[in-house]
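Asks: what would the 3D arrangement of this be:
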Amino acid sequence: MTDGVPFIFMENALYLPNLKKRQESSKKSSSKYMKELLQIAIKAAIAAGAEIMNVYAGKIAVTLKSDSSPLTIADEQANTIINSYLKTTPFPIISEENKQVSYATRKQWECCWMVDPLDGTKEFIKRNGEFTVNIALIEQGKPVLGVIYVPVTKTLYYAIVSDTKAYKIELSKHQFTNQLFQDCMEIHPQTTNNSILTIVGSRSHHSKETSDFIQSLKAQGKEINLISKGSSLKFCEVAEGNANIYPRFAPTMEWDTAAGHAICSAVGLKVMQQQQAEELHYNKKTLLNPYFIVQ
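Replies: Okay, here's the model as predicted:
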């Protein structure tokens, strides 16, 4: 997390083509274009992950931002690498680690990238391995593509939402090859009603509201199995069937959730606001998310 000042590249910001218009010629060209964007995002995530691990191998120096959240050189260097890849596309970039552009400008954007170059900085500092690189493409407030990379295990999750499929692969090294698209495996959420309800929660951000939610389920007679994960791995746990529900009743920003939201949407899950019968929206006036439940 940063002090709430995301940076957005300004090239073509006021004249961005609508993604659907870029894709309207045919389904085939639409799919090809999205796959090109996916490949760029995957390359960016893997390269950023490699640099994060270079920092992870040494002594980790930590500074505090104005909101008292931690910052490391890994956050900054990963951010630079990701921006270098994504700025080759027509779309502006909202990144956690840089400066803010006013909503008066942002609200004109049909599409933008949403990036957290190192999600789970606290987990990174604790050296528990539960940190990720998150990259998503947003169109008209909805995530349409998502990439999550776990540098420690070299595990990659990705999805194009319109394909209604999401994938996972464990790489042998921090390097992109087209072979990963052949070697990946499709992931699926749980579809059967088990007697035990598995809930995944945050490892570092607990809240009374989350505890109350779990207690309410127990009061309904449900047997609960609670697991804890850091970063966007919680979305992955639900998307690949290791958990049934991810309730988040503590603050998150859009860059924390966009990539995971895309992957969950691709497999048929919903990321619903707690107080409204709507999913999370992106590139809002405030980039702070409302509380939500993934299931």
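Asks: so which residue is dead centre in the protein?
Replies: Nearest to the mean C-alpha position of the chain, by C-alpha atoms, centre = their mean, lies A259 at 2.8 Å.
Asks: ramachandran angles for that residue?
Replies: phi -70, psi -40 (degrees, to the nearest 10).
Asks: model confidence for it, exactly?
Replies: If you check A259, the pLDDT there is 98.
Asks: ok, now how distant is it from S68?
Replies: Distance from A259 to S68, counting by C-beta to C-beta, to the nearest Å: 25 Å. Quick note: C-beta positions are derived from backbone N, CA and C, even for glycine.
Asks: the residue nearest to the centre of the chain and P143 touch, don't they?
Replies: Yes - between A259 and P143 there is a contact under C-beta atoms under 8 Å: 7.3 Å.
Asks: please enumerate the strands of the stretch 101-250 of the chain.
Replies: Assigned by DSSP state E, counting those that start in this stretch, the strands in the stretch 101-250 of the chain fall at 111-119, 132-139, 142-150, 155-160, 165-170, 185-187, 196-202, 223-229, 246-248.
Asks: who's in contact with the residue nearest to the centre of the chain?
Replies: A259 is in contact with 114, 116, 134-136, 143, 146-148, 232, 235, counting by C-beta atoms under 8 Å, 6 or more residues apart in numbering.
Asks: and K122, how many neighbours?
Replies: 18 (other C-beta atoms under 10 Å).
Asks: what is the neighbour count of the closest residue to E254 other than its chain neighbours?
Replies: Leaving aside its sequence neighbours, E254 sits nearest to L287 (C-beta to C-beta, 6 or more residues apart in numbering; 4.7 Å). Residues within reach of L287, counting by other C-beta under 10 Å, total 21.
Asks: from P247, how far off is L287?
Replies: From L287 to P247 the distance is 21 Å (C-beta to C-beta).
Asks: again with V267
Replies: 18 Å.
Asks: then Q100?
Replies: 29 Å.
Asks: how about A258?
Replies: From A258 to P247 the distance is 18 Å (C-beta to C-beta).
Asks: show me which of those two is the more surrounded one.
Replies: A258 (31 against 22).
Asks: can you confirm the more buried one is in a strand?
Replies: No - assignment of A258 by DSSP: H, G, I helix; E, B strand; the rest coil gives helix, placing it outside any strand.
Asks: do you know how far it is from Q175?
Replies: 25 Å.
Asks: cool, N79 as well?
Replies: 20 Å.
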